[in-house]
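1. Okay, predicted coordinates and the sequence, questions at the end:
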Amino acid sequence: MKLNSVWDEVLKDEFDKPYFKETMSLLEEEYKNYRIYPKKSDVFSAFRLTDYDKVKVLILGQDPYHGYNQAHGLAFSVKPGVKIPPSLVNIYKELNSDLGVEIPSTGYLKSWADSGIMLLNTTLTVREGSPMSHSKIGWEFFTDRVIEALDEKKEPMAFILWGSHARSKKRLLKNRDHLIIEGPHPSPLSAYRGFFGSKPFSKVNEYFIEHGENPPDWRIKC
């Protein structure tokens, strides 16, 4: 298992653990017998696009989109040309209201990943049409360790936890110098319960400026 990045050193112990090997073995069978998203080469995209030492912000999602050709390894993001999902539409609305960032015509968030915003799902794969179908195959042990590793960074870090699932991971965060933003999920079912108007993006920017650091670039480049 190689990510060809600093993550290889940070996570080297995880790759050798029995649970991880069992997860990888199970996934091989899943890919043989079902349509699994994202495709194999994209499962670890969040790590390859945002290396450990470059992460400024972690936005935590739950599991990948389970529809055809949507998921590509970044939480909340979809491939270029794919219709923007409702939760991401609401994220864009709040981003526009908060920072005045123009609402883009794409749901492809690679530019965020390139800017140090890691978009991590706690479960990295899913069967087509079956949400949370891989939530109990071992991914949670792996991504919990990723969250802990980011919390161990000495540099300023911001964690954005939207919804009850993401907020449950707050227990892993021990570094009081880091910023933790909690709130309702941007889903249409909950966005009007406090997500809209929460100004998470400006809060992140203010945090980094206060710590003498450049904030991430929230603009979405098509």
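-> Received, thanks.
2. for the longest helix seen in the chain, packing partners?
-> Taking DSSP state H as the assignment, the helix of the chain that covers the most residues is helix 18-33. Packing partners of helix 18-33 (3 or more Cβ pairs under 8 Å, 6 or more residues apart in numbering; DSSP states H and E): helix 139-151. Heads up, the C-betas are built off the backbone N, CA and C, glycines and all.
3. again, only using 10 Å
-> Judged by 3 or more Cβ pairs under 10 Å, 6 or more residues apart in numbering; DSSP states H and E, helix 18-33 is in contact with helix 12-15, strand 126-127, helix 139-151.
4. Show me what counts as buried in it.
-> 20, 23, 27, 30 (16 or more other Cβ atoms under 10 Å).
5. Adding pLDDT, write these out as a markdown table.
-> A markdown table is the format used below for those (pLDDT from 0 to 100):
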| residue | pLDDT |
| --- | --- |
| 20 | 97 |
| 23 | 97 |
| 27 | 97 |
| 30 | 97 |
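6. so which of those residues comes closest to residue 136?
-> The closest of the buried residues of helix 18-33 to residue 136 turns out to be residue 23 (Cβ to Cβ; 10.4 Å).
7. What count of nearby residues applies to the closest residue to residue 145 other than its chain neighbours?
-> Closest residue to residue 145 apart from its sequence neighbours, by Cβ to Cβ, 6 or more residues apart in numbering: residue 14 at 5.4 Å. Applying other Cβ atoms under 10 Å, we find 17 residues neighbouring residue 14.
8. Which stretches in this protein count as strands?
-> Along the chain, the stretches classed as strands by DSSP state E are 36-37, 57-61, 117-121, 126-127, 158-162, 179-183.
9. most tightly surrounded among those?
-> strand 57-61 (a mean of 25; mean count of other Cβ atoms under 10 Å).
10. ok, now which ones touch residue 123?
-> Contacts for residue 123 (Cβ atoms under 10 Å, 6 or more residues apart in numbering) come out as 61-64, 131-140, 142-143, 165.
11. what do you get if the cut-off is 8 Å, keeping everything else the same?
-> By Cβ atoms under 8 Å, 6 or more residues apart in numbering, residue 123 lies in contact with 62-64, 132, 134-135, 139-140, 143.
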